[in-house]
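[1] heads up, no residue letters with this:
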């Protein structure tokens, strides 16, 4: 199934991000992506099967962290993207998570990530624009306050 989406206003957000230091812009994007993806993680956690170990549900999270094995596989798939900001929603480093999602010869699938993706993909993209606009505004205000304090210190000393 192919899905096509159109988002407007991203060029303005990108222009605002480009006016910031790279580290500041990455922080804005990380906070935005984490907040925008949290409802998807919440839905996946609610749909995840309980299981014997009870480790799957609490492991579902939003993070920019990958295990060493996941990083290796990601680099092979996408190459090196040093300046990109990525956020992952999933069951962390649990090896058995994909077995629950897709099933095995002896175990029927119990999907939890795919239904969450299907329900939350479009709303998540919509939230990104809204949240990022607010994050950029807050960051610009903090930068202006810092600049004013620095000017007061430099001028008053």
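    Sure thing, it's come through. All values reported here derive from a predicted model rather than from experimental measurement.

[2] check contacts around the residue nearest to the spatial centre of the chain.
    With distances taken as C-alpha atoms, centre = their mean, residue 87 lies nearest the centre of the chain, 3.1 Å away. If a contact means C-beta atoms under 8 Å, 6 or more residues apart in numbering, then residue 87 has 30, 33-34, 37, 62-64 as its contacts. To be clear about C-beta, it is placed using only N, CA and C from the backbone, and glycine gets the same treatment.

[3] list the ones among these that fall in strands.
    Judged by DSSP state E, the subset of these located in strands is 62-63.

[4] tell me the buried residues within the contacts of residue 87.
    Buried members of these, counted by 16 or more other C-beta atoms under 10 Å: 33-34, 37, 62.

[5] dump those residues into TSV; add distance to residue 100 and pLDDT as well.
    Shown next, in TSV, are the buried ones among the contacts of residue 87 (distance: C-beta to C-beta, whole Å; pLDDT from 0 to 100):
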residue	distance to residue 100	pLDDT
33	25	93
34	24	95
37	20	96
62	19	94
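
[6] residues in contact with the worst-scoring helix or strand of the chain on mean pLDDT?
    Every helix and strand of the chain was ranked by mean pLDDT, DSSP states H and E. The lowest is helix 68-78, at a mean of 79. For helix 68-78, the external contacting residues (C-beta under 8 Å, 6+ apart) are 66, 93.

[7] go again with 10 Å.
    Residues from elsewhere that reach helix 68-78 (C-beta atoms under 10 Å, 6 or more residues apart in numbering): 65-67, 80-81, 84, 86, 88, 90, 92-93, 95.

[8] pick out the most distant pair among the residues you listed.
    Taking C-beta to C-beta as the measure, those span a maximum distance of 26.3 Å, between 84 and 95.
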